[in-house]
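A.B. asks: Based on what follows, work out the 3D shape:
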Amino acid sequence: MEFLWGLHQATMHEYVDRTWGWDAEDQRRRFVEGFDPGALRVVERDGRAIGRLSVQHRPGEIFLASIEIAPELQNRGIATRLIGEMCAEADRRGVPVGLSVLKVNPARRLYERLGFVCVGETATHYVMRREPPRSPFPPEREP
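C.D. replies: Next up, the predicted model:
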C-alpha cells in the first residue's frame, strides 16, 4: 500500500493540485478509503514494482479506473502496452472501453492515439470511450 501511495503522489500530485489544490491529508484519506487490492494489478518490470493498473469489468463495458506508471519510466510504451492488452480483451468481448481523465492531464493524448474519443466532460474530467472495431461483414439477414 505504501508503494502505491507514493506512486499516486508522484504521478498525480501536479494534476490534482492544478485541479483542486493538493491537500495531503485529504488525498491520503481518499486513497486509503478507496484502496481495494482485489481491483488493482501492480505492474512489475525486472521484479520491481513500477506502476499500477485498475480495471473494472462492468456489464457491457471495460472501464480503465486508473493507470499510474513511475515518472522515471513514463514515455517508454509501458502504459501503451497495458492499455493495448485491455483493449484487445474488450475487442474479443465486443465491448467498449471507457475511462475518465483530468482535463489538465496530458495522458489524454495517449488515449486519443489509442483510439479513445471524448464523449462527454465534467468540470474537471474528460469522459472517453473506445468502441470495438466493427466486423467487415454485414450482419446476416433473415430470409
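A.B. asks: how much space between W22 and E121?
C.D. replies: For W22, the distance to E121 (C-beta to C-beta, to the nearest Å) stands at 22 Å. Placement of C-beta: from N, CA and C, glycine included.
A.B. asks: Need the contact partners of the top helix by length along the chain.
C.D. replies: Longest helix in the chain, counting residues (DSSP state H): helix 2-19. With C-beta atoms under 8 Å, 6 or more residues apart in numbering as the test, helix 2-19 has contacts from 22, 27-28, 31, 35, 40, 42, 49, 51-52, 68-71, 102-105, 124.
A.B. asks: what do you get for stretch 26-34?
C.D. replies: With C-beta under 8 Å, 6+ apart as the test, stretch 26-34 has contacts from 1, 4-5, 8-9, 16.
A.B. asks: now do 7 Å
C.D. replies: Outside stretch 26-34, the residues that touch it by C-beta atoms under 7 Å, 6 or more residues apart in numbering are 5, 8, 16.
A.B. asks: Sounds good, over and out.
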